[in-house]
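kindly generate the corresponding structure for this input.
(one chain, ligands or ions: 2)
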Amino acid sequence: MLGGRAGPAVLVAAAAAPRGPRVGHHATVAFRAARFDLAFVSRARVLLLNAALGPLDYRIPEGMTIAPGAVVVAPLGPRQLVGVAWEPERAPATAVSDNRLRPLLHAYDVPPLPTPLRRLIEWTADYYLAPIGAVLRMALPSSSALEGARVVTEYRASGNVPARLTAQRAQALERIGARQGLIRELAAIGGVSDGVIRGLVKAGAIEPVEVAIDDPWPTPDPGHAPPTLESSQAAAAAALTEAVRASGFAPFVLDGVTGSGKTEVYFEAIAEALRSDRQTLVLLPEIALTEPFLKRFAARFGCDPVAWHSGLRQSQRRRAWRAIASGEARVVVGARSALFLPYPKLGLIVVDEAHDQSFKQEEGVAYHARDVAVMRGSFEKIPVVLASATPAIETRHMVDIGVYRELRLPDRYGGARLPAIRAQNLVADPAPRGRWLAPELVAARAANLEAQEQSLLFLNRRGYAPLTLCRHCGYRFQCPNCTAWMVEHRFTRRLACHHCGHAMPTPGACPECGLEESLVACGPGVERIADEVAALFPDARSAIVTSDTIWSPARAAEFVARMESGDIDIVVGTQLVTKGYHFPNLTLVGVVDADLGLAGGDLRAAERTFQQVSQVSGRAGRGEKPGRVLIQTHEPEARVIAALVSGDAESFHAAETEARREAGMPPFGRLAAIIVSSENLAEATETARMIGRAAPARENMTVFGPAPAPLAMLRGRHRLRLLVHAARTVPVQDIIRNWLGDLKWKASTRVTVDVDPYSFL
Ligand code: ADP
Ligand code: ZN
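Residues are numbered from 1 along each chain as shown. Ligands and ions are numbered 1, 2, ... in the order given. Model (predicted):
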């Protein structure tokens, strides 16, 4: 369902400041007046945490005090739902007479959602054409946080082996290890049902533990261990601290080469926020990066910040949410989901690795956390720092037009030099047949090993091989639910779809012709590169780093510790290792296939390759030893490769920006995708065509399609896409809202809009 709220959408890239909040006191006044005027029933307008519902009115029972932002429980039919009171004039609802109003059931004893956050939620729903209830849900992701109870019972392994140790029980205990959580959480970790865990509790192998979940958080100390900044660092830090002190909306781009000390610099801004008793939110693109961040933060400020990510247990989530909402959590570091939490006194937002595409959320509410962070900064009237060694073209453009202020750190800290980058021409000097590492990279690796230094091989592909086929009959393993090949994972001996998660054991024979041992793996994934490394350097210790191996902050911490102690010689990894890490003894980076990201006509393909390779190159030579980077490519002359080798980022970006300008692509024009999906192809096609026929004719706007979406089938649903391309001046959201608002389709067909799409899936 689409958000029905009308109202102008303020575009991050179009306006320096959003429209100011529309309400101040008069809403509260209206509420009070209603309550004390006995001639009227006092009512509250409530947004329920349900994407399918609009605002609804309820009666405020006597003795209950409700102001906008109050978190309440309201009846809906036989159900009870959590909701938030809203200013009535900002959330139009159908009129219901006083005598038909149902009373609110409960008001939680938690701080009301702050006004700037309510404005942000409205803006997000408007701009991204999302149901406001779905956006609101991101501010209240933990229902247990709303309750008052202070102790919960969690469970953990007791160390006792149960008398009857079935395979399932053994598996569960092994996977759970030293972890602790609710029955349900342990069941998920162990990959078993709740019943199995309960059985283990009865058998004494798992024991209950009482956990006090609202322990206070330590307060970071801004004066704990401040660094001595170099002059360009000091200048950047001064600009940021001044902005924090002044408060007021101030978007910054902290643009510094890898290893230049961006983190140290924005830490000074955090120190200033701490001194002025304001909260700071730091957004990181991956939860795997949280761990190294926590360590550095603790070294600088004397204690950990509050972490927020999908890996938290319910009790941790609850404790964090309550501390955030009360203002006790002074510094919060999190993934993009931390952006909508109810900070009552936010003073600073930092988006680290701001160019990273994982800030774009694709599922549920499709939003870009970098852009929403800037909007939150404008509603909160505070500085926002976008830190990156490779700012996105959209971000650079905002600097060019004078909206964002750029702070530059041109050199690496402490005289460390940027690594020397060379392209290795795979056409002239290919890898041996069936192998992926060409002679030059192998030789460099050998020299590196000799010198007892570490190296990193980067390939952005999980698993062993992206495609498996039968050499006899040509059968290819395709996902039954998606337009995608099944990816072989050798460690788990499975074929898996990376889009829907469908998996099967790798069969011994071809399912089509039945021939045994006829299956061959085509192309490399990181596991295959690791095999090649093992064959080439049997004595070297290697590690694979992907979301399959580093799926929690704890695993990331383990990896960091092994790297630091020199326990690993060679890392083979996906984009997960390109960011954030600082390993002084890592001196060689090999990019196994720089052409991979360039295939497939994506608007941002060259830019993304540039960012990824720069980031991964940035891991080399961060300490005293110089680093070097070898880029394997079939197209050494391609603009992006030439720019990486010459280090001339400016002319690369100038050319890319010019190409976007000529094509009217973002940031010079707008894109929005309308995705129609259904399990029934004919139904999806019919709806997509109907939407296409109803497309309004507007100047400076073109509607392409419907055409099969590049991933024509996903999770068993057929998908068609219409792409709206328009000039910046066209109010695309309003047009799409009106256009789709007039149409009807079957409930089994889903229509979603992706404003500013990044993936063209
Ligand atoms: P970036 O975030 O730009 O990649 P970092 O902040 O990670 O850079 O800095 C790179 C390394 O240099 C880190 O180990 C950091 O602690 C160190 N460093 C940077 N600036 C200073 C400084 N002024 N004093 C001491 N160490 C610094
Ligand atoms: Zn699939």
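
show me what from this structure comes close to ligand 1.
Residues of the chain lying near ligand 1 by Cβ under 6 Å from any ligand atom: 227-230, 233, 256, 258-264, 413, 582. C-beta coordinates here come from the backbone N, C-alpha and C atoms, glycine included.

among the residues you listed, which one sits closest to Gly195?
Closest approach to Gly195 among those (Cβ to Cβ): His582, at 45.4 Å.

can you give me the strands in the stretch 251-400 of the chain?
For the stretch 251-400 of the chain, the strands defined by DSSP state E, counting those that start in this stretch occupy 279-283, 306-308, 331-334, 346-352, 383-388.

to Pro141, which of these lies closest?
strand 306-308 (9.3 Å).

check contacts around the nearest residue to Pro226 once chain neighbours are set aside.
Closest residue to Pro226 apart from its sequence neighbours, by Cβ to Cβ, 6 or more residues apart in numbering: Ala271 at 7.0 Å. Neighbouring residues of Ala271 by Cβ atoms under 8 Å, 6 or more residues apart in numbering: Pro222, Gly223, Pro226, Thr241, Phe301.

can you rerun that using 10 Å?
By Cβ atoms under 10 Å, 6 or more residues apart in numbering, Ala271 lies in contact with 220-224, 226, 237, 241, 244, 280, 300-301, 331.

what about these, which are in helices?
When these are checked against helices (DSSP state H), the matches are Ala237, Thr241, Val244, Arg300, Phe301.

my guess is the first one meets Ala269, correct?
Put plainly, it is Ala237. Yes. With contacts counted by Cβ atoms under 10 Å, Ala237 reaches Ala269, the gap being 7.0 Å.

is Asn50 located within a helix, as I assumed?
No. Counting by DSSP: H, G, I helix; E, B strand; the rest coil, Asn50 is not part of a helix but coil.

okay, now it: neighbour count?
When neighbours are counted by other Cβ atoms under 10 Å, Asn50 registers 18.

so who does Ser646 touch?
Ile421, Phe652.

check Pro505 too.
Residues near Pro505 by Cβ under 10 Å, 6+ apart: Thr492, Arg493, Arg494, Leu495.

so for it, what pLDDT did the model give?
Note on Pro505: pLDDT of 92.

next, the closest residue to Pro114 other than its chain neighbours: phi, psi?
Leaving aside its chain neighbours, Pro114 sits nearest to Pro344 (5.4 Å; criterion: Cβ to Cβ, 6+ apart). Here is the backbone geometry of Pro344 (degrees, to the nearest 10): phi -80, psi -20.

doesn't Arg322 make contact with Pro344?
No. Counting by Cβ under 10 Å, Pro344 sits too far from Arg322 to count as a contact (12.0 Å).

find the residues that touch each one of these two.
Common contacts of Pro344 and Arg322, defined by Cβ under 10 Å, 6+ apart, comprise Pro111, Glu328.

when these two are compared, which one has more neighbours?
Neighbours around Pro344 and Arg322, counted as other Cβ under 10 Å, are more numerous at Arg322. The numbers are 20 against 17.

what sits against that one?
Val110, Pro111, Ser142, Ser144, Ala145, Leu146, Glu147, Ile213, Asp214, Glu328, Ala329.

and for Asn585?
So Asn585 contacts 451-455, 563-564, 566, 569, 621-625 (Cβ under 10 Å, 6+ apart).

and what of Leu722?
Leu722 touches 672-676, 688-689, 691-692, 695, 703-707, 709, 736, 751, 753, counting by Cβ under 10 Å, 6+ apart.

if you set the cut-off to 7 Å instead, what comes out?
Counting by Cβ atoms under 7 Å, 6 or more residues apart in numbering, Leu722 touches Ile674, Ala688, Ile691, Gly692, Val703, Phe704, Gly705, Pro706.

SS state for it?
Per three-state DSSP, Leu722 ends up strand.

what of Thr729?
coil.

ok, it to Thr574 distance?
Thr729 sits 40 Å away from Thr574, going by Cβ to Cβ, to the nearest Å.

count of neighbours near Asp569?
Residues near Asp569, counting by other Cβ under 10 Å: 20.

can you verify my assumption that it contacts Gln454?
Yes. Asp569 is within contact range of Gln454, at 6.0 Å (criterion: Cβ atoms under 7 Å).

show me where the stretch 501-650 of the chain has its helices.
With DSSP state H, counting those that start in this stretch as the criterion, the stretch 501-650 of the chain has helices at 526-536, 553-564, 605-617, 639-646, 649-663.

circling back to that earlier point, tell me which of the contacts of Pro505 is nearest to ligand 1?
Thr492 (33.8 Å; Cβ to the nearest ligand atom).

can you give me phi and psi for that closest one?
Dihedral pair for Thr492: phi -100, psi 0, per degrees, to the nearest 10.

from Pro480, how far off is it?
In terms of Cβ to Cβ, Thr492 sits 19 Å off from Pro480.

more neighbours, these two?
More neighbours surround Thr492 than the other of Thr492 and Pro480, with 15 against 11 (other Cβ under 10 Å).

can you give me the neighbour number for the residue of the stretch 401-550 of the chain found nearest ligand 1?
In the stretch 401-550 of the chain, the residue that lies nearest ligand 1 is Tyr413 (3.5 Å; Cβ to the nearest ligand atom). By other Cβ under 10 Å, the residues close to Tyr413 number 19.

distance of it from Thr390?
18 Å.

just Arg422 next, same as before
From Arg422 to Thr390 the distance is 19 Å (Cβ to Cβ).

who has more neighbours, those two?
Thr390 (24 against 15).

per-residue pLDDT, that one?
92.

surely it and Asp356 touch.
No. When contacts are counted by Cβ under 7 Å, Thr390 is not listed as touching Asp356 (9.5 Å).
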